[in-house]
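# from the sequence below, what's the structure:
(chains A and B)
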Amino acid sequence: MWAVLACFTFCAVAHADEQQLPVYPGAVHTRIGNDLNIDGQLYRIAYFTTKDEPKKVAYYFWWHWKHDGYPVTRDGNFDPEGVVSAFYTREGLERSVIVTRHEGKTLAFSVLTDLWTDASDKPSPVLSHLEGTLFSSDLISRGDQNASQQRTSVISHDLNTTKKSVLADLAGKGFHLTHQSEMVDGKQKGYVLELARGVEQVVMTLMPVDSKMTAMLQSWSGAPHPGPQTPPADVDGRGGTK
Amino acid sequence: MISLLTVLLLATSAPTGTAASPGVAADPLSQTIIQRLGRGLQDPKIGQWVTYQLKGDDQRGGFMRLAIVGKQKDKVGREASWLEIEVGQNPNFVAPLFQMKLLIASKNGLQSDGISRAVVAIGAGQPQEVDPKSLSGRKSKGADEPDQWILANEKPINPSKVVARAGKPKLLMTAAGTVDALPVELVYRSTVFQRYWLSKEIPVLQLAKIEIPGIENSLEVRDYGLDAKPMIHFPDPNAPKISLEPGAATEDGGTDEPAQAP
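Predicted coordinates for the structure are as follows:
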């Protein structure tokens, strides 16, 4: 969960009218992406920091939702981590707040999850799905003209084999390598590859997990949204208390 | 709590020809609600609604809302009403945990073939329609059959040994105010196993209160009115429907298991 959220932190920020995210008074909330499609489920996410303790932040939301009559769940002891969630059963929405401590402050992620929509967005065929993939998760940012997509994969090949395979795969799709750089993380060496095809761009980060396994993050952007999508109004049009 | 209402739809629609005990629900409170609905809807009017507070002996409780939100002819041309039934933790019902919408033939109620359409939502799930094929041809208690009872220990009672003792109408204080009510006691082997109060002032069920002394459960009207709006929306007609498949559990008075239609 934290790894996924950390990934969101570096995604593009956009704006849209929508069902509200949970808001903590006095804190500046920063949206992470637009409507996010994570493996077919739609999310809206923001983060905020505050000097208040995680327990106080969690209690605020718990009390607020409970008082309004929503079923509420808690997970964790909020010392420092925990999640508090409310279920908007009439609208098919879940609002959650995930709290932890980070650099002396409380860091919280405010999440709105659409429980009803089985998002039919199809991932761009540009993103590589290599033979030997052990794990793959797609993140699709919706609602903006130049949609972006990310795919996180773990592949059961060493770094250089994976690099060779993915470059061959994208070359077959008409992409050419525009930039390549090495990335060093401790004793590990990886690659950042940039490829282009017209206005489309793919940026890839490859890092070895071990000698026989490689992690790959692909980011694709630069073209209109490729697949059919449910308009955000479907979620926002359900009404109910925000 | 959810089982309380699930049985409304499921336990009362035991497949024809099984050895099930039609009309016998999993707990005495829901049993009584089913029996009230089984007598048909008395003078149903669009907008009638009532909420009840349910109390258990272990301080657990909940709230139930019943509302008449529409009328139409059913598939065989009978006058029918759309009845919404919701169960939640909070009386404002902003987020009910169970929602059910039934098209009930007003005169038949939950008796044989009384339900022609049903929409169900459990938890945060999307409302889904029960496959009408699952509903048709299913049989529950007929109008001429006696009510069936179970005790707090879930043992069924021989209905011929239950004595109903009606008292004199009197004022009953409830959370919804004081109403004229007729007290009724159900007695089995000299033990009162249920008390209920009927009141014409209470819409939908004309039921003001139920007490189950053996398990200290009660259900009491909390609020009622005449301005109900539909709260459960219809699913997309093309969405998958829930099918009810015959289950072995009906042998012991349990329910059929809901299953996803292919």
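# ok, now how distant is the nearest residue to residue A:212 once chain neighbours are set aside from residue A:152?
The shortest distance from residue A:212 to any non-neighbouring residue, by Cβ to Cβ, 6 or more residues apart in numbering or on different chains, is to residue A:158 (5.9 Å). No exception for glycine: its C-beta is placed from N, CA and C like everyone else's. Per Cβ to Cβ, to the nearest Å, residue A:158 is found 18 Å from residue A:152.
# cool, and residue A:194?
18 Å.
# try residue A:216
Residue A:216 is 8 Å from residue A:152, by Cβ to Cβ.
# same question for residue B:100.
Distance of residue B:100 to residue A:152, computed by Cβ to Cβ: 41 Å.
# host element of residue B:53?
Taking DSSP states H and E as the definition, residue B:53 sits inside strand B:49-55.
# what average pLDDT does the helix or strand that that strand is followed by get?
Counting by DSSP H and E, the next helix or strand C-terminal to strand B:49-55 is strand B:61-73. Averaged across strand B:61-73, the pLDDT comes to 93.
# same check on stretch A:109-119?
Mean pLDDT, computed over stretch A:109-119, is 89.
# can you show me the CA trace of that stretch as PDB?
What follows is stretch A:109-119 as a C-alpha-only set of coordinates in PDB (Å, rounded to 0.1, in the frame of the first residue of the first chain):
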ATOM      1  CA  PHE A 109      -3.400  10.600   2.400                       C
ATOM      2  CA  SER A 110      -7.000  11.400   1.800                       C
ATOM      3  CA  VAL A 111      -8.600   8.800  -0.500                       C
ATOM      4  CA  LEU A 112     -11.900   8.600  -2.300                       C
ATOM      5  CA  THR A 113     -12.600   5.100  -3.800                       C
ATOM      6  CA  ASP A 114     -15.300   4.300  -6.200                       C
ATOM      7  CA  LEU A 115     -16.700   0.900  -5.100                       C
ATOM      8  CA  TRP A 116     -19.100   0.400  -8.000                       C
ATOM      9  CA  THR A 117     -17.400   1.300 -11.200                       C
ATOM     10  CA  ASP A 118     -15.500  -1.500 -12.900                       C
ATOM     11  CA  ALA A 119     -13.400   0.900 -15.000                       C
END
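# how about that stretch: buried residues?
Residues of stretch A:109-119 classed as buried: A:109, A:110, A:111, A:112, A:113, A:114, A:115, A:116, A:117, A:119 (neighbour count, 16 or more other Cβ atoms under 10 Å in any protein chain shown).
# residues contacting it, please?
Under the contact criterion Cβ atoms under 8 Å, 6 or more residues apart in numbering or on different chains, stretch A:109-119 has outside partners A:5, A:18-24, A:29, A:32, A:37, A:40-48, A:87, A:92-98, A:140, A:229-230, A:234-235, B:124-126.
# list the contacts for residue A:129?
Contacts of residue A:129 (Cβ under 8 Å, 6+ apart): A:136, A:151, A:153.
# among those residues, which are in strands?
Among these, the members falling in strands (DSSP state E) are A:136, A:151, A:153.
# and the residue of the stretch 51-200 of chain B found nearest chain A, what element?
Shortest the stretch 51-200 of chain B-to-chain A distance, computed as Cβ to the nearest Cβ: residue-wise this is residue B:90, at 3.4 Å. Assessed by DSSP H and E, residue B:90 sits outside every helix and strand.
# only the buried residues of stretch A:92-106, if you could.
In terms of neighbour count (16+ other Cβ under 10 Å), stretch A:92-106 has its buried residues at A:92, A:93, A:94, A:95, A:96, A:97, A:98, A:99, A:100, A:106.
# gap between the second one and residue A:127?
Remark: distance between residue A:93 and residue A:127 (Cβ to Cβ) = 29 Å.
# for the first one, same thing?
Residue A:92 is 29 Å from residue A:127, where distance means Cβ to Cβ.
# and the stretch 101-250 of chain B, which of its residues are near chain A?
For the stretch 101-250 of chain B, the contact set with chain A under Cβ under 8 Å from any Cβ of the partner chain comprises B:121, B:123, B:124, B:125, B:126, B:231.
# what are the boundaries of the helices in chain A?
Secondary structure of chain A (DSSP state H): helices located at A:2-9, A:54-68, A:159-172, A:233-236.
# now do the buried residues in the longest one.
This points to helix A:54-68. By 16+ other Cβ under 10 Å, the buried positions in helix A:54-68 come out as A:54, A:55, A:57, A:58, A:60, A:61, A:62, A:64, A:65.
# out of those residues, which touch chain B?
Counting by Cβ under 8 Å from any Cβ, no member of the buried residues of helix A:54-68 reaches chain B.
# show me what contacts residue B:129?
Per Cβ under 8 Å, 6+ apart, neighbours of residue B:129: B:117, B:118, B:119, B:120, B:234, B:235, B:239, B:241, B:242.
# of the residues you listed, buried ones?
B:117, B:118, B:119, B:120, B:235, B:241, B:242.
# any idea which element the second one lies in?
So the one you mean is residue B:118. Using DSSP H and E, the element containing residue B:118 is strand B:115-122.
# please name the residues that touch the residue nearest to residue A:76 when sequence neighbours are not counted.
Computed as Cβ to Cβ, 6+ apart, the closest residue to residue A:76 that is not its neighbour in sequence is residue A:82, at 3.1 Å. Counting by Cβ under 8 Å, 6+ apart, residue A:82 touches A:54, A:58, A:74, A:75, A:76, A:98, A:99.
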